[in-house]
Every structure is written in C-alpha cells, then in structure tokens.
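Asks: have a look; sequence and predicted model below, questions after that.
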Amino acid sequence: MRILIIGQHGQVARELQRRLSAADELMVLGRDQLDLAQPEQIRQQVRLAHPDLIINAAAHTAVDRAESEPELAFAINATGPGILAEEALALGIPLIHYSTDYVFDGSKGEPYNEADAPKPLGVYGQSKLAGEQAITAVGGMHLILRTSWVYSASGSNFLLTMQRLLQEKPELRIVADQIGAPTWAGTIANSTLALIERWQAGERGAWGTYHLTAQGETSWFGFAQAIGEALRKQGKPCAHLLPIPSSEYPTPAARPLNSRLDCSRLLREWGVSQPDWQTALRECLAGQA
C-alpha cells in the first residue's frame, strides 16, 4: 500500500515512519516539499504521489504564536486539510487527520465525548476546529483523531523541556489546575496502525471524528512529577516542584482547564484502545536509554 504522510519531522510523523516503513511504500513529504499553506502545491503533490492512503501529521502547533499569526494558522490547519480531503475524495481513498483537545474550552466537569459542542478558546483551537469542519464538509472516507498533550523523545515538547529544566534549576513552578492525558506520539502511531489494519481487513467502524489519548488523567504538575521521578531513578539531579494555578503562568493563548477526552467510541467502533499514560511514558523513556 502506498501511504502518503504529510509532515516529516513532527513527533507523530517520526513515530509513524518507524512503524509503517516495514510493510508499506511510504512517501513522506516535509514542508519544503508540501507546504499546507500552498493549496496548489498540495494538489500537485497528492496527484503526483497517487497514494492509497493519506495521513496528515503536519500542523501549525505553536499555540501562543498562532494568536499573532492567525492567517497562517488557518491556512495550515484549516484550508490545507480541506484540500487534502478533496484530493482524497477524488482518488477514492481515506484521509487520517489529527486534531486536538483545544477545540473545547475546558469548562465541562467530565471528559469530553465526540458529541460535545466544540468551543475553542484561541486561534489554534479555532483553526483546528475549522480544519475538522472542512474535512467533514467534503465527506468521503476520513478519520479525524483528536488527541492531547503530545510528547515524544524528539522534537519540542513538555517531556524534553522538563528533563532539561529539572536538571538545570533548583526549583520549578508548574501549572496544576489543567487536567488531561499526556499522550506519547508512539501511542498515537500504534493506534493509527491498528486503525489502518482494521480498515484493510474490512473490520472498520464508521468514518468520522474520534478521541484518541492515553488512558487516565493528571495535571501538568503531575506529569512533571512523573518525569522527575524517572530522573531520580537514574541518579540524576531533579528540581523541587511547586504547583501553581494557571493564573500565575499567563500565556498569550488561554488553555482549557479540562482537556480530558472520552475515548470509548474508538474502542467501541474500531476495537482500538490505548495504554494508560504512565505505562506509555515508561515505554517512551525506555527508548531514550
């Protein structure tokens, strides 16, 4: 099967390449080859590749910077995915696209399910929601997979930032009132592979939007504690952690206080489950050793 992956160096894209390369013909296009802000380039490259499946693992993910460059965020996160959906429909192939917990405002008192009405707080979430809507409007075979708090052993993410700062600083103040599920990019890639296998075997559920995060929940403070504990077990220095409210760590873009996503529909319809976040973190850290 010819699989076109949009995004080359991102966290999920890297993990996908590790898992998919053995069995399939992969075509991986980075921004220098396919810029999601360039509609004609998207159409040209997809038609040239003529794949059997498109996976869009590229996005404008700089949440705070999106506030100052909304046009670029919407071009990459909304217009581009809509064009990918049009090209996938024309080829009669599926599109797998990743979205985010930031489509919700975080005011719900329990995990969000797919039937809950989105209400993004900032430009990033608004642009990702617009991308979902563009894909849905086109129709065709598609999976929109909302995830949260993505990290990996490469790139730029909370795990790597904490590993560095915990060894450099005597004390760190970490937000403790935002709750969600840290989700390893490897978990996302594993689940994506399982979805592809079920589709190929004719065992698929309905196309549409699904939630895909690690199981369980914690705060950014709790996540930092787990990272610090792993460092201590390795005999490395670790800063003292202090929990703080979001109000003491202002950012250009507001973050949802509740980022918990109910993933039961993905299990029910596709038979795909995810590990708890602590197990996934240990697996990710083991890969760093």
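Replies: Great, that's in hand.

Asks: any weak-confidence spans in this structure?
Replies: 21-23, 289 (pLDDT under 70).

Asks: can you map out the helices along it?
Replies: With helices called from DSSP state H, the chain shows them at 11-20, 39-49, 63-66, 70-74, 80-91, 123-138, 158-168, 185-200, 220-233, 264-270, 277-288.

Asks: now mean neighbour count too, for those helices, in a markdown table please.
Replies: For the C-beta atoms, the positions are set from N, CA and C on the backbone; glycine is no exception. What follows is those, written out as a markdown table (neighbours: other Cβ atoms under 10 Å):
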| stretch | mean neighbour count |
| --- | --- |
| helix 11-20 | 21 |
| helix 39-49 | 16 |
| helix 63-66 | 18 |
| helix 70-74 | 18 |
| helix 80-91 | 22 |
| helix 123-138 | 22 |
| helix 158-168 | 16 |
| helix 185-200 | 20 |
| helix 220-233 | 18 |
| helix 264-270 | 17 |
| helix 277-288 | 17 |
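
Asks: residue 257: which of those helices is closest?
Replies: Residue 257 lies closest, by Cβ to Cβ, to one member of those: helix 220-233, at 11.1 Å.

Asks: list the helices and strands that closest one packs on?
Replies: helix 158-168, strand 171-175, strand 240-244, helix 277-288 (3 or more Cβ pairs under 8 Å, 6 or more residues apart in numbering; DSSP states H and E).

Asks: to residue 106, which of those lies closest?
Replies: Closest among the helices and strands packed on helix 220-233, once you apply Cβ to Cβ, is strand 171-175, at 12.6 Å.

Asks: what pairs with that closest one, parallel or antiparallel?
Replies: According to DSSP bridges, strand 171-175 forms sheet pairs with strand 240-244 (parallel).

Asks: distance of residue 240 from residue 173?
Replies: 10 Å (Cβ to Cβ, to the nearest Å).

Asks: what of residue 88?
Replies: Counting by Cβ to Cβ, the separation of residue 88 from residue 173 is 45 Å.

Asks: for residue 90, same thing?
Replies: Distance from residue 90 to residue 173, counting by Cβ to Cβ: 51 Å.

Asks: please apply the same query to residue 41.
Replies: From residue 41 to residue 173 the distance is 43 Å (Cβ to Cβ).

Asks: do residue 47 as well
Replies: Taken as Cβ to Cβ, the span from residue 47 to residue 173 is 51 Å.

Asks: go on, residue 202?
Replies: As judged by Cβ to Cβ, residue 202 and residue 173 stand 52 Å apart.
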